[in-house]
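>>> give me the fold of what follows.
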Amino acid sequence: MPVTRRQRSLLTTAVCALVALCCTSGCARSLDGQAVAAPSTASSPTAAAVEWRDHVVPSDCILTGAQMSALSGVRLKDGEDTDVKQSDGTTGHNCSYYTAAGGVLSFTAVVKVQAPVTGTVTPDMLADLGDDGARSIPGIGLDVIIEPLDGPNAFPTMRVATDRHVTSVVLVVGNIPHPPDDAAWSTAARQIVAALPAN
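Predicted coordinates:
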């Protein structure tokens, strides 16, 4: 049975909401695999929340279907740039990936490329990203942040930071055989850095 436009929209909206949360949450993260606490902004009068913007590259589909298939462990089609209405009434943008087999539950991954509204990405900005237990894979771009899998329904999530962009990759846990290992995440992160504009 082919997926309906409404079913596809609901699935996309659910994961895209998670991606938006991933890009703005401020929690503990780790450096070089060791968990560390993110600095608190509540007591700092000079700290300000970072505002991020979408539509910063011509297409958020910076990984091919083959590259996303290698990461996810299932055969995916090339991504589709997608606009998603958010709860605050604004429209978000990302790239959605679906299984080649199709079907109602074929939505399997999303990639979202963002940039700060002003300036460049800094280590201080990255310190405010990530959930408790997030860890870093060093040596790729400015940083690569892997979110912890805290339960059976956790979404495998990676953020790849460069000087100008933060790219979030979220996989739908029920559609993949297992979460990617660090080697798979690292390969995808290098592909993302290579695909992003240098300036």
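
>>> burial check on S168, number of neighbours?
24 (other CB atoms under 10 Å). All C-beta spots, glycine's among them, are computed from the backbone N, C-alpha and C.

>>> who does the strand or helix carrying it pair up with?
Here S168 is covered by strand 166-171, with elements defined by DSSP states H and E. Strands that pair with strand 166-171, judged by DSSP bridges, come out as strand 107-116 (antiparallel), strand 157-161 (antiparallel).

>>> which of the ones you listed sits closest to G89?
When the strands paired with strand 166-171 are compared for distance to G89 using CB to CB, the nearest one is strand 107-116, at 18.5 Å.

>>> hang on, the earlier thing: okay if I get the strands paired with strand 166-171 as a markdown table plus distance to T122 and mean pLDDT?
Formatted as a markdown table, these follow (distance: least, CB to CB, whole Å; pLDDT from 0 to 100):
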| stretch | distance to T122 | mean pLDDT |
| --- | --- | --- |
| strand 107-116 | 8 | 96 |
| strand 157-161 | 9 | 96 |
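
>>> wait, which of those is closest to I145?
Closest of these to I145 is strand 157-161, at 4.5 Å (criterion: CB to CB).

>>> restricting to C-alpha, output that closest one in PDB.
Coordinates of each C-alpha in strand 157-161 appear next as PDB, following Å, rounded to 0.1, in the frame of the first residue of the first chain:
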ATOM      1  CA  THR A 157      21.500  11.400  16.100                       C
ATOM      2  CA  MET A 158      24.700  13.100  14.900                       C
ATOM      3  CA  ARG A 159      25.600  16.700  14.500                       C
ATOM      4  CA  VAL A 160      28.500  17.800  12.400                       C
ATOM      5  CA  ALA A 161      29.900  21.300  13.000                       C
END
